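Enquirer: Pasted the sequence and its predicted model underneath.
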There are 2 protein chains.
Amino acid sequence: MDSNQLFEQIKKKESFLCVGLDTDIKKIPACLLSEENPVFSFNKAIIDATAAYTVCYKPNLAFYEVLGDTGWQAFIHTVQYIRKNYPDIFIIADAKRGDIGNTSQMYAKTFFETAHVDAVTLSPYMGHDTAEPFLAYQDKWGVLLALTSNPSASDFETERMASGECLYETVIKKSKEWGDINNIMYVVGATQAKMLENIRKIIPEHFLLVPGVGAQGGSLEEVARYGMNSKCGLLVNSSRGIIYADKSEKFAEAAGQKAFELQQAMKKLLNDFCY
Amino acid sequence: MDSNQLFEQIKKKESFLCVGLDTDIKKIPACLLSEENPVFSFNKAIIDATAAYTVCYKPNLAFYEVLGDTGWQAFIHTVQYIRKNYPDIFIIADAKRGDIGNTSQMYAKTFFETAHVDAVTLSPYMGHDTAEPFLAYQDKWGVLLALTSNPSASDFETERMASGECLYETVIKKSKEWGDINNIMYVVGATQAKMLENIRKIIPEHFLLVPGVGAQGGSLEEVARYGMNSKCGLLVNSSRGIIYADKSEKFAEAAGQKAFELQQAMKKLLNDFCY
């Protein structure tokens, strides 16, 4: 999927929602625990309830790895389930990988050839080597961490460089040369919405993956105001706010309702700031 | 294991060798491919042949994840095998993880409670949040990327900050306050040996994990000259140079011989620069 195709999906669904599948076995409803793979069963129900309102799913690998074999299977089955039933939905493996060339190649193979996701989040610290094997795949994406939503983003990401710019700006300026708007996205936290205005001066056209709306306190309206471009250019992620909206047997219904509410808000923001 | 106990092992074996278990199914001898889990069988043979000369094993997760379930099992079985048969050997999961707090906690749980390794390599880009859950475990370590051995380390790691220092120096100076010499190590590539002199001014006592000797061209002698302290303070990793020393049925014997040669060189360097 390239950036135009992604924008087509956004227009079709009037949504730029990404649902974060950070499925914690300790937080899923008790009624699912007797299932063969409770995490996969939970995901399936969440996906069916939210697919109409979302253009993207983003499973975070940490929540799957912690369960060993079973977790890995749940991740793979979840991706396969989306692919089969909702083939137009973009899938990001939130893995924040980054290693030297020959090792990054293995990670790229894992996510693009074994798991068949569309994109993988990458840590830029080690430089171009770490992203290159991912960007070499046709129609696949690397999603580089730029300015994240966590409090300690200020430890290094916003530290001032000798050039006068912040580290995250240097990361964006240099890494945008590694690919183009059809294979590189950037993670910019919603808690940093006002910085989006500045980021759009450097990369007016790239898609941004924006976590931190909801549980982490970011404002959807501000993200759209400062970050949206004429092809939307945003995927806004919500995880906990959707998937744990209700902890009873009605969890899927509640998740669907939350996703619908976000989609309705997004529809309005697309009209205000994009079209 | 704390830093004193690690130094005890180094003195006992007269070695500061770390064997990197970057086991690529495409590179292991054909005679193993009929085994139930070829990667685990390969690792077992390599471990038995090299354990006398090494104080540390470092499986790189990329090579296991690429195989899905089977790979994850091979990783877990490998750690269990070392734990059972060579309980004094330090184990580093080379995973280069780094995420926000609640997610990093999942990764820490995976590696310390499911896999029972001693240490995990971490990417510092997102700051303190990413390391905290790992450093909260008693007797466990975070191994932070500082100055890596790959060519594109120059993209960001050696970029100059407004303070006049390089990014990797800022990373070390700030992150050393997150823990102490008993739970933080740093990755410094052997290809950057002369920088070790400078790094030792900032962290004279911390252990450094040094990849890049051998296949990547770093010099063991230079690493010891510029990086060794009075408690050794070094774990020097070799992966491909040991585990793929021979591709016939005699692969384990050849790996043992290579590890022995490195141990002999290290014994000399310990005498020259440490004791």
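Expert: That came through, no problem. Residues are numbered from 1 along each chain as shown, chains lettered A, B, ... in the order given.
Enquirer: Output stretch A:32-44 as PDB, restricted to C-alpha atoms.
Expert: This file holds the C-alpha atoms of stretch A:32-44, laid out as PDB (Å, rounded to 0.1, in the frame of the first residue of the first chain):
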ATOM      1  CA  LEU A  32     -12.300 -15.500  27.200                       C
ATOM      2  CA  LEU A  33      -9.700 -17.200  29.400                       C
ATOM      3  CA  SER A  34     -11.000 -20.700  28.600                       C
ATOM      4  CA  GLU A  35     -10.500 -20.200  24.800                       C
ATOM      5  CA  GLU A  36      -7.600 -21.900  23.100                       C
ATOM      6  CA  ASN A  37      -5.800 -18.700  22.500                       C
ATOM      7  CA  PRO A  38      -7.500 -16.000  24.600                       C
ATOM      8  CA  VAL A  39      -5.400 -13.100  23.200                       C
ATOM      9  CA  PHE A  40      -6.300 -14.100  19.600                       C
ATOM     10  CA  SER A  41     -10.000 -14.500  20.600                       C
ATOM     11  CA  PHE A  42     -10.000 -11.100  22.200                       C
ATOM     12  CA  ASN A  43      -8.300  -9.500  19.100                       C
ATOM     13  CA  LYS A  44     -10.800 -11.200  16.700                       C
END
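Enquirer: what residue ranges in the stretch 151-275 of chain A score low on pLDDT?
Expert: A:215-217 (pLDDT under 70).
Enquirer: The closest residue to residue A:13 other than its chain neighbours: neighbour count?
Expert: Once flanking residues are discounted, residue A:13 sits nearest to residue A:55: 5.7 Å by CB to CB, 6 or more residues apart in numbering or on different chains. Using the backbone N, CA and C atoms, a C-beta is placed for each residue, glycine as well. The number of residues packed near residue A:55 is 28, by other CB atoms under 10 Å in any protein chain shown.
Enquirer: And residue A:181, by the same measure?
Expert: 17.
Enquirer: residues contacting the residue located most distally from the centre of chain A?
Expert: Farthest-out residue of chain A from its mean C-alpha position, per CA atoms, centre = their mean: residue A:162, at 31.3 Å. The contact partners of residue A:162, by CB atoms under 8 Å, 6 or more residues apart in numbering or on different chains, come to B:159-162, B:164.
Enquirer: Buried subset of those residues as a PyMOL selection?
Expert: The buried residues among those can be selected in PyMOL (16 or more other CB atoms under 10 Å in any protein chain shown) with this line:
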select buried, chain B and resi 159+161
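Enquirer: quick one: which of the contacts of residue A:162 is nearest residue A:222?
Expert: residue B:162 (28.1 Å; CB to CB).
Enquirer: Distance of that closest one relative to residue A:1?
Expert: Per CB to CB, to the nearest Å, residue B:162 is found 39 Å from residue A:1.
Enquirer: now swap in residue A:78 and tell me
Expert: 18 Å.
Enquirer: The two: who's more crowded?
Expert: residue A:78 (25 against 18).
Enquirer: Next, the contact list for the more buried one, please.
Expert: A:21, A:40, A:43-44, A:47, A:57, A:59.
Enquirer: What residues sit buried inside whatever helix or strand it lives in?
Expert: Using DSSP states H and E, the element containing residue A:78 is helix A:69-85. By neighbour count with 16+ other CB under 10 Å, helix A:69-85 contains the buried residues A:70-79, A:81-82.
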